[in-house]
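> this is a predicted model, with the sequence first.
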Amino acid sequence: MATKGKDLGETLLAVEAIGLSFGGVTALAEVSFDIREHEIRAIIGPNGAGKSSMLNVINGFYQPQQGRITYRGRTRRTMRPHQAAAEGIARTFQNIALFKGMSTLDNIMTGRSIRMRRNILWQALYWGPARTEDLEHRAVVERIIDFLEIQAIRKTPVGRLPYGLQKRVELGRALAMEPTLLLLDEPMAGMNVEEKEDMSRFILDVNEEFGTTIALIEHDMGVVMDISDRIVVLDYGRKIADGAPDAVRHDPGVIDAYLGATHD
Amino acid sequence: MDMLYAVFIAPFVDMASDPVFLAEVVIGGLLTGIMYSLVALGFVLIFKASGVFNFAQGVMVLFAALTLVGLMERGVPVWLALVLTVAAMVLLAYAIEWLMLRHLINQDEIILFMATIGLSFVLQGLGEMMWGSNVKPLDIGIPDRSFELWGILLNEFDLFAAAVGAVMVAVLAVFFHYTRIGRALRAVADDHQAAMSVGIPLKTIWIIVWSVAGFVGLVAGIMWGAKSGVQFSLSLIALKALPVLMLGGFTSIPGAILGGLIIGVGEKVAEIYWGPLIGGAIENWFAYVLALTFLVFRPQGLFGERIIERV
């Protein structure tokens, strides 16, 4: 519970009155909340509540029909994926989206794409400045590999790795972007207790050591209550609660949503 | 008994009795093989970078050659015509990205494949509309003389083509394996969405790949066009690239080269020594027999990436 009671910074990202629908199906309606610097913000809710949709809106995979997104003081109607990446929003995916044929090292190296500055011609020649730059990025990536304790699988094609390790490599790729805001979509799904403990430790360490702001979706309530500073609860695309773990845990609306009380 | 002798013994006796001729046949095969590899390279590039089998690659070869010849016929000097054609291929890449690919992000590969079939017809029509459909000779001043080396008859043009092919392969292999763009290309091929999430600009990558494929197409078009004239049938050499790809694997540049060489030599040797047994002209389909036999033993091709998936 090391993170509890720490001082939260300014607002890093705020979503206001987000409305998103696919055809006639409403995924999100009037959802507003903010994420403050250096906090770990959890988004929870039953299946189909719109949690992943919310992450997709934040990093620009989905363009909401209503609402506004303010990130680092700049307000937009919608985000675009490359914009989000360029401005320091990294993410992982619910169903692991790694480059399966590539090694762990290469996968994490792709996370440096946005930070490589030399132009295409230098890159094509792989000569002079481009080469030096590549080596610098390599050093950053090696540090991440050490941090995540995955030295042993550096050269292994990730398609061959067990699920838990793939999740870790995916986190590594996101970290390689040196993100300001890290979005984690169910980082612990399908893991055993030991793997969950490892992952929780990595998340807390990233948050503390690098000051990275983290927004995560997770179903394991024990983990969520343990590591998050504040929690947003969604149900049927609407926000039903928002606050510190203890407050949310005892919120009658939240208990109803999780226990499946009838909505009338 | 005679039949068995004719199939299994006689050809080898022939080979052994005239080694110089055998060497000539093999070298001829190798040189043709390089030309197949050149065409196959275009396919491999696009397949590696977008996971799409580009049905239009053959037509891109034709389109590039047509544009070059068309410009030269109008009195544009060779070097300028080359520059303009390269520019046209880059422009084409932009157009393809803008009109076709960007609307198909995250769609099934089969949809993209279908789109390339459509593209091949559009391109062919466009090329013929602009430059006409009659056969055009192409001469960009590469010498086409034969000479003898250690008693073996060689052709300067073939050697030149082989050298060009070798250089292109070396450059592309380095580009794909050691540069950031190469890595980005492989990333895009693997997973569009994940690639976008780490900030790889999908559109730029596609334009680069299609431009490079267009350039490779142009080189192949020049080599083949200079040999047999620029005409519609040029787009059919794509059919020769297919067995090369089956053999070499769709994702491997060295595979495309080695595959091309094996097919080139295989079909020449088969044609000369076994062809007469069944009335000749086996060159056209023998490549497929070779490739299909090969597929049985190694479905991912010679150097193709093994498909590893946990179930």
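Ah, there it is. Residues are numbered from 1 along each chain as shown, chains lettered A, B, ... in the order given.
> what's the burial count for B:V86?
A total of 17 residues lie near B:V86 under the criterion other Cβ atoms under 10 Å in any protein chain shown. (Glycine included, C-beta is placed from N, CA and C.)
> which residues touch it?
B:V86 sits next to B:G214, B:F215, B:L218 when contact means Cβ atoms under 8 Å, 6 or more residues apart in numbering or on different chains.
> in the stretch 1-150 of chain A, which residue sits nearest chain B?
Chain B sits closest to A:A85 of the stretch 1-150 of chain A, with a gap of 2.9 Å, by Cβ to the nearest Cβ.
> in the helix or strand hosting that residue, which residues are buried?
Applying DSSP states H and E as the criterion places A:A85 in helix A:81-86. Within helix A:81-86, the residues that count as buried by 16 or more other Cβ atoms under 10 Å in any protein chain shown are A:P81, A:H82, A:A84, A:A85.
> counting contacts, what elements does the following helix or strand past that helix pack onto?
Per DSSP H and E, the first helix or strand lying C-terminal to helix A:81-86 is strand A:89-91. Packing partners of strand A:89-91 (3 or more Cβ pairs under 8 Å, 6 or more residues apart in numbering or on different chains; DSSP states H and E): helix A:163-175, strand A:181-185.
> quickly compare the ones you listed and say which is most buried.
Mean neighbour count (mean count of other Cβ atoms under 10 Å in any protein chain shown) peaks for strand A:181-185 among those, with a mean of 25.
> the helix or strand following it near chain B at all?
Later in the chain than strand A:181-185, the nearest helix or strand by DSSP H and E is helix A:193-210. No - Helix A:193-210 lies apart from chain B when judged by Cβ under 8 Å from any Cβ of the partner chain; the minimum separation is 16.0 Å.
> just checking, next helix/strand downstream of helix A:193-210?
strand A:213-217.
> who's in contact with that next one?
A:12-13, A:35-44, A:51-52, A:55, A:58, A:94, A:180-187, A:203, A:206-207, A:228.
> residues of the next helix or strand after that strand that come out buried?
Using DSSP H and E, the next helix or strand after strand A:213-217 towards the C-terminus is helix A:221-227. For helix A:221-227, a neighbour-count test (16+ other Cβ under 10 Å) marks A:V223, A:V224, A:M225, A:I227 as buried.
> redo the residues you listed as JSON lines? Include pLDDT.
Formatted as JSON lines, the buried residues of helix A:221-227 follow (pLDDT from 0 to 100):
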{"residue": "A:V223", "pLDDT": "89"}
{"residue": "A:V224", "pLDDT": "89"}
{"residue": "A:M225", "pLDDT": "90"}
{"residue": "A:I227", "pLDDT": "91"}
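> between those residues, which is nearest A:R72?
A:R72 lies nearest to A:I227 out of the buried residues of helix A:221-227, by Cβ to Cβ, at 24.1 Å.
> my guess is the closest one contacts A:F202. True?
No - using Cβ atoms under 8 Å, A:I227 makes no contact with A:F202, being 10.6 Å away.
> remind me which helix or strand A:H137 belongs to.
Applying DSSP H and E, one finds A:H137 within helix A:129-147.
> show me what that helix is packed up against.
helix A:104-110, helix A:120-125, helix A:163-175.
> and with 6 Å instead?
helix A:120-125 (3 or more Cβ pairs under 6 Å, 6 or more residues apart in numbering or on different chains; DSSP states H and E).
> quick one: low-confidence parts of chain A?
Within chain A, the ranges that satisfy pLDDT under 70 run A:1-7, A:114-131, A:260-264.
> show me what from it comes close to chain B.
A:81-82, A:85-86, A:91, A:97, A:99-102, A:106, A:110-111, A:113-114, A:116, A:123, A:126, A:159-160 (Cβ under 6 Å from any Cβ of the partner chain).
> how many residues are close by the closest residue in space to B:A184 that isn't next to it in sequence?
In space, and not counting its chain neighbours, B:A184 is closest to B:I200: 4.8 Å by Cβ to Cβ, 6 or more residues apart in numbering or on different chains. Each residue near B:I200 was counted by other Cβ under 10 Å, and the total is 25.
> can you tell me the SS state at B:I200?
Three-state call for B:I200 (DSSP: H, G, I helix; E, B strand; the rest coil): coil.
> identify the residues contacting it.
B:I200 makes contacts with A:S113, B:A184, B:A187, as judged by Cβ atoms under 6 Å, 6 or more residues apart in numbering or on different chains.
> go again with 8 Å.
A:T110, A:S113, B:A184, B:A187, B:V188.
> farthest-apart pair in those residues, please.
A:S113 and B:V188 (10.5 Å).
> show me the contacts for the closest residue to B:V209 other than its chain neighbours.
Residue nearest to B:V209 in three dimensions, not counting chain neighbours: B:A49, with 4.1 Å by Cβ to Cβ, 6+ apart. Contact partners of B:A49, counting by Cβ under 8 Å, 6+ apart, are B:L185, B:R186, B:V188, B:A189, B:I205, B:W206, B:V209.
> ok, back up a step: determine which of the helices and strands packed on strand A:89-91 approaches B:T32 most closely.
helix A:163-175 (44.0 Å).
> that closest one versus helix A:193-210: what angle between them?
10 degrees (axes from the mean of the first three to the mean of the last three Cα atoms, to 10 degrees).
> closest to B:F250 out of the buried residues of helix A:221-227?
A:V223 (42.6 Å).
> how close does the closest one get to A:L184?
11 Å (Cβ to Cβ, to the nearest Å).
> of the contacts of B:I200, just the buried ones, ChimeraX syntax please.
ChimeraX command restricting the contacts of B:I200 to the buried ones, with burial defined by 16+ other Cβ under 10 Å:
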select /A:110,113 /B:184,187,188
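> reformat the contacts of B:I200 as CSV; add distance to B:V25.
Below are these laid out as CSV (distance: Cβ to Cβ, whole Å):
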residue, distance to B:V25
A:T110, 47
A:S113, 49
B:A184, 43
B:A187, 43
B:V188, 42
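> of the contacts of B:I200, closest to A:F22?
B:V188 (25.5 Å).
> so that closest one touches B:K48, yeah?
No - B:V188 lies out of contact with B:K48 (Cβ under 8 Å); the separation is 9.4 Å.
> what's downstream of the helix or strand B:V20 falls within, the next helix or strand?
For B:V20, the element it lies in under DSSP H and E is helix B:19-50. Next in sequence after helix B:19-50, counting helices and strands by DSSP H and E, comes helix B:57-73.
> tell me which helix or strand comes right after that following helix.
helix B:78-99.
> need the residues that contact the helix or strand following that following helix.
Toward the C-terminus, helix B:78-99 is succeeded by helix B:109-131 as the next helix or strand (DSSP H and E). With contact meaning Cβ under 8 Å, 6+ apart, helix B:109-131 is reached by B:50-56, B:58-60, B:62-63, B:66-67, B:69-70, B:92, B:96, B:100-101, B:104, B:232, B:235.
> give me the angle between helix B:109-131 and helix B:78-99.
Going by the same axes, to 10 degrees, helix B:109-131 makes 140 degrees with helix B:78-99.
> so what's the residue count around the residue in the stretch 101-250 of chain B that chain A sits nearest to?
Closest to chain A within the stretch 101-250 of chain B is B:G199: 2.9 Å, counting by Cβ to the nearest Cβ. Neighbourhood size, B:G199 [other Cβ under 10 Å]: 25.
> do the same with the one 10 residues further on
Counted with other Cβ under 10 Å, the burial measure for B:V209 works out to 25 neighbours.
> that one reaches B:I46, doesn't it?
Yes - counting by Cβ under 8 Å, B:V209 touches B:I46, with 5.9 Å between them.
> what's the burial count for residue 259?
Went with chain A since none was named. Per other Cβ under 10 Å, the neighbour tally for A:L259 reads 7.
> let's do chain B instead
31.
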